[in-house]
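Trainee: Below is the structure, and that's it, no one-letter string:
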């Protein structure tokens, strides 16, 4: 299994959720976060904003679904022209993918790992 964390613009969140659902990915956690990337924040007039509001979506997906989840997030979160993979704007977001060794359902106590049920 993979744990996917996507940090995206708040205005992109619903587009990303809709794209994930179209690809059969429904379970996720949504969090309000703040941060900055390489751009080190933004300046508007004389005011400098060092931390920018973002949203983080976190989801555990089977290895077979990771590629389509990543593609859905990239496409839906990218601003500007979506005709080519290279277009978008600074601050569109970042996707982090890590291996997920195990997960457990609290209600049932059932465990799951990359090979299936424990």
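Mentor: In hand now; what should we look at? Because the structure is a prediction, the values reported are computed rather than measured.

Trainee: same question for stretch 45-58, mean pLDDT?
Mentor: Averaging pLDDT along stretch 45-58 yields 88.

Trainee: centre of the chain versus the longest helix anywhere in the chain, how much separation?
Mentor: Scanning the chain for the longest helix, with DSSP state H as the assignment, gives helix 63-77. In this view, helix 63-77 has its centroid 9 Å away from the chain centroid, taken as C-alpha atoms, centre = their mean, to the nearest Å.

Trainee: list the buried ones in stretch 93-106?
Mentor: 93, 100 (16 or more other C-beta atoms under 10 Å). Placement of C-beta: from N, CA and C, glycine included.

Trainee: List the contacts of it.
Mentor: With C-beta atoms under 8 Å, 6 or more residues apart in numbering as the test, stretch 93-106 has contacts from 1-9, 12, 37, 54, 60, 66, 70, 73-74, 77, 110-114, 118.

Trainee: and if you look at stretch 2-12?
Mentor: 16, 32-33, 35, 53-63, 66, 69-70, 73, 76-77, 79, 91-100.

Trainee: Any buried residues in it, and which?
Mentor: Those buried within stretch 2-12 under the rule 16+ other C-beta under 10 Å are 2-9, 12.

Trainee: Save these as JSON lines, and put in pLDDT and secondary structure too.
Mentor: Formatted as JSON lines, those follow (pLDDT from 0 to 100; DSSP: H, G, I helix; E, B strand; the rest coil):
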{"residue": "2", "pLDDT": "96", "secondary structure": "strand"}
{"residue": "3", "pLDDT": "97", "secondary structure": "strand"}
{"residue": "4", "pLDDT": "98", "secondary structure": "strand"}
{"residue": "5", "pLDDT": "98", "secondary structure": "strand"}
{"residue": "6", "pLDDT": "98", "secondary structure": "strand"}
{"residue": "7", "pLDDT": "96", "secondary structure": "strand"}
{"residue": "8", "pLDDT": "95", "secondary structure": "strand"}
{"residue": "9", "pLDDT": "93", "secondary structure": "coil"}
{"residue": "12", "pLDDT": "94", "secondary structure": "helix"}
